[in-house]
Structure formats: C-alpha cells, structure tokens
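Engineer: Below are the sequence and a predicted model for it; my questions follow.
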Amino acid sequence: MRAASLIPLLMMGSTLYARPELAARARTIDDIVYAQVDGTNLMMDAALPASHEPTPAVIIVHGGGWVRGDRRVDVRPLFQPLSEAGMAWFSISYRLVTDVSQFGVAIDDVESAVRFVKAHAAEYNVDPERIALLGESAGGQLAAMATLRGGTAASVRAVVAFYTPTDLVSLIKNSDYIPAQIRSRVVGTPWERLVLAGLAQLSPVENVRREMPPFLFIHGTADSLVPFSQSTNMCDRMREAGASCAVYPVEGAGHGIRWWSQGERARAGKKMVEWLGRELNIPATISTAEARANR
C-alpha cells in the first residue's frame, strides 16, 4: 500500500460538537414516497432539525450486498451523529437485485431520491445546495455511481462512503462479498467477459473525474469482505485525477458499522460529522456544557 493512499483527516480550525438536544428536537417522518417504479413505491424516512434556517441534508443509502438490507436497521448507528450535528437526514429504500440483469438499477433510485429532496427542499426546510450522499457497503457503490453518473439535477456537495465496493471486477473475482447467486451466474460462464465489462462500467474506480465532489472513505482495516484497499485505491485514483478525497481507517474493524465497537462507532461518527461540517459549510457549534460554562 502506498503511503499516499492513507490520507489522514486533519483537525479543522473549528470543531462540530455533538448536541443531543438537537436530536431530541428533530421531527421525524416515516414512509415518504420519493418515487414509483413499475407500480412499486420507493420510500424514505426523514429526521428534520428544528431550525429557522434551511439546514444541510444527508441522504443515506443502506448496504446489504445489493440483494437485501433495510433503511432503518443497517444504518441506524449513523442517525444520531447526524441529528446531533444539526443535519437533516433521509434514509432510503431502493430496488434490490433479484436477477443479475437488475444489477445497477438502484443507481437510478438514488438519483431519484436526490432529485426528490431537492424538489421538496422548502417543504423539509433543507438547503438544496448543501446536500450530501452517504452510503454504506453496497449502498456506497450506489451513492458513488449516482454522483458520478447523475446530471446537475442529482448533483451533491459531498459523499461519505463506508467500506464501499469501488472495484466490482476485483470483488467478483476475489471476495466473498459478492452473493453466491450472482457469482455463479458470472464466473466460469460463456458470458463472463461481457458481464465483467459491465461491472467495470458500474465500478466507481473506473468512473473517476476531476469535477466530482469530495469523498470521505471510512473503512475498517480488518474488513475481510470489502478489502480496505478498495477505499485507498479509489482515493488514489481520485487524487491522480485532481479530485478531493480523504480516507479514515478504523483500525482493526471488520465489515459493517453495526458490528463495530462503541468506541469505533463514536470515532467514525465524529470524523464523519467534522468532515461534513467543513464540506457543507456548517458553522461550528459548541456543546451545551461549554455554553453553560461560558455564560
């Protein structure tokens, strides 16, 4: 691994502190229909800060190997840090893969979610110019590709990618992360070369461009399903193209934030909101205890 691959997150001039009272005051809305595809409703849940001014927003895309996953369960550890930082968040469901021919269709769903939040920004009191995408695992690949492939209407200011598959060709050949039902329909078949070419087109690492938004990669160094190198290699490619990125290694952690220790979650959450605070231009706040001490 090249030394340049590990890009530390530097301490910013101002720190975004957790404020539990902001999470407690947030308004939640469940089962918002953000799109309809073939008669099926695609839904999202939202948590909206109590604020007189439009707030930054984060659209969350859960993981699950593209074939399963839940917008409420898989990404739950991410909700509180975002709410405590005063950000709105929208956690989405999307079309899951039941056949290899459907692989990649959920990228359209992520783009639809971004367009929906922008179109309803006034209703939800969010700033349409300060929207980020956050994806974990397979959801990170979907979020990255929606950002790289989407047009202006689906553009975002920043992307946070947790242990994200960025090179699908490498994964399908070398990792157990790819579900068996997908691998068996690709590897060793007469159309393997054609499918691998399609997977390359759906790999974020093959779609890097200079004008892409900044990315933060958060990845466990002991991830046995999606290797840590998937994040560092993607960041290397971005830097070579002139784009901005950062990698935050979670030392010794495996795959899936739900399985990380409390300390690992806390440290990753702190880095996430600090980085988003800078990229979404969120004024620094101080904790309740500090506010009382300064009275």
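Structural biologist: Received the coordinates, thanks.

Engineer: can you give me the helices in this protein?
Structural biologist: Applying DSSP state H to the chain gives helices spanning 20-25, 76-84, 106-119, 121-124, 138-149, 168-174, 180-183, 192-201, 229-241, 262-279, 288-293.

Engineer: so what does the first one touch, helix or strand wise?
Structural biologist: Packed against helix 20-25, as judged by 3 or more CB pairs under 8 Å, 6 or more residues apart in numbering; DSSP states H and E, are the following elements: helix 76-84. For glycine as for every other residue, the C-beta is placed from the backbone atoms N, C-alpha and C.

Engineer: Residue 95 reaches residue 37, doesn't it?
Structural biologist: Yes - assessed by CB atoms under 8 Å, residue 95 is found in contact with residue 37 at 6.5 Å.

Engineer: Return every residue with contacts to both of these two.
Structural biologist: Counting by CB atoms under 8 Å, 6 or more residues apart in numbering, the contacts common to residue 95 and residue 37 are residue 109.

Engineer: Same drill for the two, tell me which one is more crowded.
Structural biologist: Under the criterion of other CB atoms under 10 Å, the comparison of residue 95 against residue 37 puts residue 95 first, with 17 against 14.

Engineer: What's the separation between that one and residue 33?
Structural biologist: Residue 95 sits 14 Å away from residue 33, going by CB to CB, to the nearest Å.

Engineer: Then residue 279?
Structural biologist: Using CB to CB, residue 279 is found at 29 Å from residue 33.

Engineer: These two: who's more crowded?
Structural biologist: For residue 279 versus residue 33, neighbours defined as other CB under 10 Å are more numerous around residue 279 (22 against 10).

Engineer: For residue 74, list the residues it contacts.
Structural biologist: Residue 74 touches 62-64, 136-137, 256, 258, counting by CB under 8 Å, 6+ apart.

Engineer: Try it again at 7 Å.
Structural biologist: 62-64, 136, 258 (CB atoms under 7 Å, 6 or more residues apart in numbering).
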